[in-house]
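Visitor: Structure of the sequence below:
(4 chains)
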Protein chains: 2
Amino acid sequence: MKPQDNVLKLEQQLCFAVYSAAHAFNRAYKPLLDSLGLTYPQYIVMMVLWERNGQTVKEIGAKLDLDSGTLSPLLKRLEKLGMITRTRDENDERQVVVSLTEQGKAARRQALDKIVPAIGNLVGCGVDDLDEMRNRVIKLKTALDTAVPHG
Amino acid sequence: MKPQDNVLKLEQQLCFAVYSAAHAFNRAYKPLLDSLGLTYPQYIVMMVLWERNGQTVKEIGAKLDLDSGTLSPLLKRLEKLGMITRTRDENDERQVVVSLTEQGKAARRQALDKIVPAIGNLVGCGVDDLDEMRNRVIKLKTALDTAVPHG
DNA sequence: CATAATTATATTGTGCGCAATAGGATTTTG
DNA sequence: CAAAATCCTATTGCGCACAATATAATTATG
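Guide: Next comes the predicted model:
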């Protein structure tokens, strides 16, 4: 076997490790998020709004690297769930402002009390390790984004 | 602001870093894979077959954590592309054996020569760093999988 | 001020990803 | 050996993810 033949092996690939870990996170979140009726992508949209209520679709998309093709139907589903409202901006009618309902605000409590600690237990490593790992993954994403710009 | 209020911030979340890095990988691979006419999920199926030709859907699924709902249509598209063939096992007609065509085998060369080095440049860090990072991400995935079994 | 260019969101089409279900083929068991 | 249970793949339905396109509002330009 040639020396470079290993580089195509699945287990050697960082991309597959990341791809696979992302799916594992999804599976881990699912039973926790079911109690709120949210999917993971919907949950991270809620996180964006919990940080600051009343943001446009564009602002949300910029923070999550998601475009309107993903967000438009997702936000409609969140609206149907009673988590958010979508209203056209009075000054600029092109923009849609997304705001939390009371139910949407209340969901934050359950996220803080139940979901965050549960996932923390699953990941199961010290805060310092976790910080370092997150920073490495973010650095990786930034390197990939710089080479292949988007949005 | 209460001390635990930070834990819901997007930038603090390892899950979002991983989710986001997975998308960044997809974007980085896209222009490279376009020359082969493959998507990233199709590419990792090809990797599985390049390691060992002639595997059942179940075997492929076990290696990639994907079920038949994902693989069945994906494999049909690979067949249509001329990369693989799908044939019922003679001894056990429940099983479908997936095999590389000549074109599918030939695609491996282009992956080795063009795609692997291009992605290597993008990730842009030493082999040791890369190994350590991959191992950490795999460990993370394993921890999540153990807590929430699947398949 | 009218027209062109730009901006923000929505829509359409394709391909995952996964739960639920269905359909045969094989194996188990009574 | 016949009935039940199990196994493997395919299908259906829903929700992302994203490219391409459409539409309406705003801004820039001649």
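Visitor: any idea which element the spatially most central residue of chain A lies in?
Guide: Nearest to the geometric centre of chain A sits A:Ile44, at 3.8 Å (Cα atoms, centre = their mean). Using DSSP states H and E, A:Ile44 sits within helix A:40-51.
Visitor: Contacts for that helix, please.
Guide: Around helix A:40-51, the neighbours that count as contacts under Cβ atoms under 8 Å, 6 or more residues apart in numbering or on different chains are A:25-26, A:29-30, A:33, A:36, A:38, A:55, A:60, A:63-64, A:66, A:70-71, A:74-75, A:77-78, A:83-84, A:98-100, A:104-105, A:107-108, A:111, A:115, B:8-10, B:13, B:15-16, B:19. (C-beta placed from N, C-alpha, C; glycine too.)
Visitor: So what's the model's average confidence on the next helix or strand after it?
Guide: Following helix A:40-51 in sequence order, the next helix or strand is strand A:55-56 (DSSP H and E). Averaged over strand A:55-56, pLDDT sits at 98.
Visitor: Which strands or helices does strand A:55-56 pack on?
Guide: strand A:96-100 (3 or more Cβ pairs under 8 Å, 6 or more residues apart in numbering or on different chains; DSSP states H and E).
Visitor: Could you check how far the helix or strand following the strand it packs on is from the centre of its chain?
Guide: Counting by DSSP H and E, the next helix or strand C-terminal to strand A:96-100 is helix A:102-110. Remark: helix A:102-110 is offset 17 Å from the chain centroid, using Cα atoms, centre = their mean, to the nearest Å.
Visitor: Quick check: buried residues in helix A:102-110?
Guide: Judged by neighbour count using 16 or more other Cβ atoms under 10 Å in any protein chain shown, the buried positions of helix A:102-110 are A:Gly104, A:Ala107, A:Arg108.
Visitor: Apart from its chain neighbours, what residue comes closest to the last one?
Guide: So the one you mean is A:Arg108. Excluding its sequence neighbours, the residue lying closest to A:Arg108 (Cβ to Cβ, 6 or more residues apart in numbering or on different chains) is A:Trp50, at 4.9 Å.
Visitor: For DNA strand D, see how far away that neighbour is.
Guide: 17 Å (Cβ to the nearest atom of the strand, to the nearest Å).
Visitor: Lovely, talk soon.
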